[in-house]
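K.L.:
predicted model follows, preceded by the sequence.
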Amino acid sequence: MYTLACYKNILLYIVLAALALSCKKEEPPMPTYAKWPSTKADTIIDGYSEKCNALFEKNQIDSAFKLLEKAVPEAKGDKRNLGRIALKKSEGYLYLLKYPKALEYGFESLDLMKQSKDSMAISRAFHQLYFVWYTANDLDLANSYLDSTLVYSTGIPQLHAYALFSKGDLFSTQKKYLKSSKICNQVIKTLDSFSAKKIVLDPTNTLTTGSLAIIASNYIKLDKPELALQYLDKIKPYYPTEEAGVNDMFNKTMADYYVYKKQYTKAQEYLERILKNISFANKYYGIDANTLMATCYSKLGNYKKACYYQALAMAYRDSIYEDNSFEEKRRKEANFYLIEKNNQIARNKIKIKDQEKSIRNRNWLAAILVTATLFLILTFYFMRKFLKEKLDNEKNTKKLQLVEAGINGEEKERERIAKELHDAVVSELLVIRLNLQSMEGVFANTGHACNYQKIIDQSGHIAEKLRATAYNLIPVHLNENGLYSSIDNFIKSIVDPHFKIRAQFYGELPPVKKLAEKVIFFIVLELIQNIIKHSGVNTFVIQLLYADGVLGITAEDDGVGFDYDKDRVTTMGLSNIAGQVAVLNASMDIQTQPGQGCTVYIEIPMETFLLS
């Protein structure tokens, strides 16, 4: 499943590159915001971006990063172009499968894009964050960020169609084949409708052929090969396309079809087309194509060839990111496995002959075989159980590390804003107030003395409020006394006499792993800040209850409330909390209506997060 997700992700990047190139051509009139605004800085950054794409294709990621550092001064402080550079860095780290770094630059890009207030730029930043979670195999969080992409790409046909295509691909990966096919058909209809209006959104037919290939693949998995063939026939007029990834997807789906029909020789023809041209961008297909080729030869009775292609698949998997020695290593490992397999076959033949000579009692032989089989089954069962637990633990740890990277990025940004408020804005206001006070004698004997004094008082009041705001922005960190104590300290640190927050703690919470403790702390802080910003109340309650290995968090206020079904996509605070809750395998329930307050209840199973 992971390999499939990887090469689908590569295909999606190819689609995005095709769309970006199509935006630069002289096409018929496009809908609003279909292109980047044309400035000199934009043109320069476009050039750097194209060079980076070429280096990514060659797996020269370090060279691409050095090139991007040279691009920063060329952006001349423009938020959108700085965001594009951060977006490209995120893509580079995603090529290297360094998810925390890819996530860090993805969030940086999103922040810069939001400051530019460009819907097209924001949509692309959300789409990149979708790619990170998708490749990290966290499909629930990927779906969440893809929903945001769809919201911000509304009115931008190219990006909206591409986001819908990603949705169809995601549903197919989640084995929701009918939903996937429905979305892909919607993409095709959208492209056809704009084509009828002479608006070309997909000049290379990448989205069209990609959508048809996904639908065909879905029908094969639904045991409906004839329907799959109908969609494959629709691709043939476009084949071969300008995009190698789309050609490979078509050939792979055709091979799947013929394997399903048990026409293995015909399937091998399409697999050969894939294997003739394997590059860094599409070499993920080398794993599946060689594996499927091995299956075909096995079904045809040619076990020697089957072993050879299975060895090639293993060589591709082991050297997937070693491009310089990739071909050489593939040949050496394939030869090694082939020789080893032949030796094993020869040893087995000798062993069988010896057994035929030495074994006389077949009953004893049967008993030995049964015992050995039971032993292997038990061994396999316990090994599989052990490996599953290990993989689950590693997956949870990676998720927590990704979330920690996001939290650290947010804390740095809050520290920066607080420092700017305190050191710049507040200081300047105080200087203004002092200047006004020095001129007080000028207005003392005029009719404006009262108004003048009010201005001095107001400037002092504003400075104090900004100082309090800056102080509240500074992130509160976990202390050594545990989660309860840290939350209590945060509440006490809020510098605003208007707010009265009651924190209630029940049940003794055992020591918690630091990563999990930090995520839970972030959730509670986000709940408190959401109530302060949006509820319109001055008094509310935060309650934490630990019992029977479960930590319950309740945040309740009697404020203005909101329509959750209507606003949940655009409610970023709750979206952030939902992402952290998903990482902890926890559940969240929200009860709210306009004018009836809001109650949020979160239940976290703590068994895997406690220190042993």
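P.N.:
Okay, I see it.

K.L.:
okay, CA-based contacts and neighbour counts for the rest of this
P.N.:
OK.

K.L.:
so what's the residue nearest in space to the middle of the chain closest to, chain neighbours aside?
P.N.:
Nearest to the mean C-alpha position of the chain, by C-alpha atoms, centre = their mean, lies Trp133 at 2.0 Å. Spatial nearest neighbour of Trp133, chain neighbours left out: Ala142 (4.9 Å); criterion: C-alpha to C-alpha, 6 or more residues apart in numbering.

K.L.:
just to check, the one you found is in contact with Tyr134?
P.N.:
Yes: in this structure Ala142 lies within contact range of Tyr134 using C-alpha atoms under 8 Å: 5.2 Å.

K.L.:
by contact count, what packs against the helix or strand hosting Asp169?
P.N.:
In the assignment (DSSP states H and E), Asp169 maps to helix 157-173. With contacts taken as 3 or more C-alpha pairs under 8 Å, 6 or more residues apart in numbering; DSSP states H and E, helix 157-173 sits against helix 2-24, helix 119-135, helix 139-152, helix 177-196, helix 206-221.

K.L.:
need these in CSV (columns: mean pLDDT and distance to Leu610).
P.N.:
Formatted as CSV, the helices and strands packed on helix 157-173 follow (pLDDT from 0 to 100; distance: least, C-alpha to C-alpha, whole Å):
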stretch, mean pLDDT, distance to Leu610
helix 2-24, 44, 29
helix 119-135, 88, 26
helix 139-152, 88, 24
helix 177-196, 88, 39
helix 206-221, 87, 41
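
K.L.:
looking at these, spot the one closest to Glu269.
P.N.:
helix 206-221 (17.8 Å; C-alpha to C-alpha).

K.L.:
picking that back up, I'd like the helices and strands packed on helix 157-173 as CSV, with distance to Leu227 appended.
P.N.:
Listed next are the helices and strands packed on helix 157-173 as CSV, based on distance: least, C-alpha to C-alpha, whole Å:
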stretch, distance to Leu227
helix 2-24, 22
helix 119-135, 28
helix 139-152, 28
helix 177-196, 12
helix 206-221, 6
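
K.L.:
of all those helices, which lies closest to Asn489?
P.N.:
Across the helices and strands packed on helix 157-173, closest to Asn489 is helix 139-152 (C-alpha to C-alpha), at 31.1 Å.

K.L.:
what angle sits between the closest one and helix 157-173?
P.N.:
Inter-element angle recorded for helix 139-152 and helix 157-173: 160 degrees (by axes from the mean of the first three to the mean of the last three C-alpha atoms, to 10 degrees).

K.L.:
pull out the buried positions in the helix or strand harbouring Ala516.
P.N.:
For Ala516, the host element (DSSP H and E) is helix 514-534. Residues of helix 514-534 classed as buried by neighbour count (16 or more other C-alpha atoms under 10 Å): 514-528, 531-532.

K.L.:
got it, and stretch 252-268?
P.N.:
So, applying 16+ other C-alpha under 10 Å, buried residues of stretch 252-268: 252-259, 263-268.

K.L.:
which of these fall within strands?
P.N.:
Judged by DSSP state E, the subset of these located in strands is empty.

K.L.:
any chance of these in CSV, with pLDDT and distance to Asn277 too?
P.N.:
Output for the buried residues of stretch 252-268, formatted as CSV (pLDDT from 0 to 100; distance: C-alpha to C-alpha, whole Å):
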residue, pLDDT, distance to Asn277
Lys252, 85, 13
Thr253, 85, 17
Met254, 87, 17
Ala255, 88, 16
Asp256, 87, 19
Tyr257, 88, 21
Tyr258, 89, 21
Val259, 88, 22
Gln263, 91, 23
Tyr264, 91, 21
Thr265, 92, 20
Lys266, 92, 19
Ala267, 89, 17
Gln268, 90, 15
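
K.L.:
going by distance to Ile220, which of those residues wins?
P.N.:
Tyr257 (6.6 Å).

K.L.:
tell me how far Glu69 lies from Ile45.
P.N.:
Separation of Glu69 from Ile45 (C-alpha to C-alpha, to the nearest Å): 12 Å.

K.L.:
the two: which has the busier surroundings?
P.N.:
Neighbour totals were compared for Glu69 and Ile45, and Ile45 leads with 21 against 12 (other C-alpha atoms under 10 Å).

K.L.:
confirm the more buried one sits in a helix?
P.N.:
Yes: assignment of Ile45 by DSSP: H, G, I helix; E, B strand; the rest coil places it within a helix.

K.L.:
which residues sit in contact with it?
P.N.:
71, 74-75, 81, 85 (C-alpha atoms under 8 Å, 6 or more residues apart in numbering).

K.L.:
ends of stretch 69-85, how far apart?
P.N.:
9 Å.

K.L.:
what residues of that stretch count as buried?
P.N.:
71-72, 74-75, 78-85.
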